[in-house]
Each structure stands twice: as structure tokens, then as C-alpha cells.
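# Sequence first, predicted model second:
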Amino acid sequence: MPTPFDMLSQAQKDAFYARVQQLGFDPTALAGSHLVTSGNGVRVTGAERAFAHHVKYKTLTSVDEIKRLLGVPDSAFKGSTSDQHVRYVPPPKYADNKQMTLLALTQAERNDLEAAAYAYLFGDSSKVAGWKDVINRLLLPRELSFVAYECITVKPGMPLILTNPSYTFGTVIIEQGGEIIVQSESKMDAQLLIKQS
């Protein structure tokens, strides 16, 4: 019997497989995986045995690697995509001070560092290139979690709750009345999204 994943074109399947391999998943371990929300909703965590094959943890040491996996490519801003929502801050005076620590920063400096990291990941990183070494030195390494399923069905009254940084799905089916609740900054990649009404 065909699965919702089987509805995908070969190009969509290939894109899904490429993405999960990039994240460190074995596509054969994900074959046939179909999560259906239940109860008061589903939050996929690596702490639960049922999700063991669907959550990967990666320790990332470079802001460029995080941008590649979770961010918006700089090429998106070379066309018509606006970056007016991004606050680009000038490099800090302490950029060359290798002895600077995160704890030594003032609150205003921490705010600028967070804004620069956000701009680097979700804006045109060339506009905050002077922050790259500072971000790598003060905010990394960091362990991030990634979730992958071939298919997910979101039932009404049983939401999918997003708390991990990244979700990769082949097919997402949101039944009438179903909802996805985002509780932290998350990126969701889906080859096909079906919202039933």
C-alpha cells in the first residue's frame, strides 16, 4: 500500500535524502517512518526511546556550518529577497581581542553579539563578516538537535510541538483542525505540505 512519502516525485525524494544525509541520518533507518500525533500533542525529543532513530545531535564549531545547515543562504539576498528585518551591527571594538570572554561582555555587547549572530545566519553574512571570529570564539561550539521523518500527520487537537532547531520531513499532512506549535527558533524543511480542510 502506498505511503504519503510515495506521493513525492523522485526529485523531492532525492532532496529529502540529500538533506537527511547532510544532517547525519541513515536514510534506510528512516524508511517507512510515519509519525502521527496523539494525546495532548507530540514533542520529538532524543530523550525518548521511541524517537531514537529520528533525532541526531551534532556539535557545531563554526557559524558557517550552522548557516549551511539552518540558515538562509547569502544568495537569497542577491535577488529580490529583502533583508530589512535584519539588524546589521558594526564589528565590535574587541573583535581582535582573543582574550575576551562572553562573561566579560556588557549586556549591550551581548545584545549586539546575538544580533550579529542572527544576522550572520538569517541575513547576508557578508554584511557582518567582521563578527565571524567573535561568534565562533564566544558562542561556539554548540550542540544542536535535528529531527527527521519521511512523513508526519498532525491530528486535530493533537499538535506537533516544535522545540528543536531543525525538522526535516518528506510529507507533512495537517488534518482539518490540526496545528503546529513553534516553541523555539526552528527550521522546518518539508518536500510536500498538505493542509486538509
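In hand now; what should we look at?
# Show me the domain layout of this protein.
Using automatic domain parsing, the domains assigned to the chain come out as 4-55+146-195, 62-139.
# want to try a markdown table for those, with mean neighbour count as columns?
For the C-beta atoms, the positions are set from N, CA and C on the backbone; glycine is no exception. Formatted as a markdown table, the domains of the chain follow (neighbours: other C-beta atoms under 10 Å):
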| stretch | mean neighbour count |
| --- | --- |
| domain 4-55+146-195 | 16 |
| domain 62-139 | 15 |
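# Just the helices from this protein, written as ranges.
Ranges of helices in the chain, per DSSP state H, are 10-22, 27-30, 63-70, 107-122, 132-139.
# Look through this structure and tell me its longest strand.
When the chain is parsed with DSSP state E, its longest strand is strand 142-154.
# what helices or strands is that one leaning on?
For strand 142-154, the packing partners by 3 or more C-beta pairs under 8 Å, 6 or more residues apart in numbering; DSSP states H and E come out as helix 10-22, helix 27-30, strand 34-36, strand 55-60, helix 63-70, strand 166-174.
# Next, format the ones you listed as a markdown table and append mean pLDDT and distance to residue 4.
What follows is those, written out as a markdown table (pLDDT from 0 to 100; distance: least, C-beta to C-beta, whole Å):
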| stretch | mean pLDDT | distance to residue 4 |
| --- | --- | --- |
| helix 10-22 | 97 | 12 |
| helix 27-30 | 94 | 14 |
| strand 34-36 | 96 | 7 |
| strand 55-60 | 95 | 21 |
| helix 63-70 | 96 | 25 |
| strand 166-174 | 97 | 4 |
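# want to throw the ones you listed into a markdown table with distance to residue 138?
Below are the helices and strands packed on strand 142-154 laid out as a markdown table (distance: least, C-beta to C-beta, whole Å):
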| stretch | distance to residue 138 |
| --- | --- |
| helix 10-22 | 26 |
| helix 27-30 | 35 |
| strand 34-36 | 37 |
| strand 55-60 | 14 |
| helix 63-70 | 11 |
| strand 166-174 | 22 |
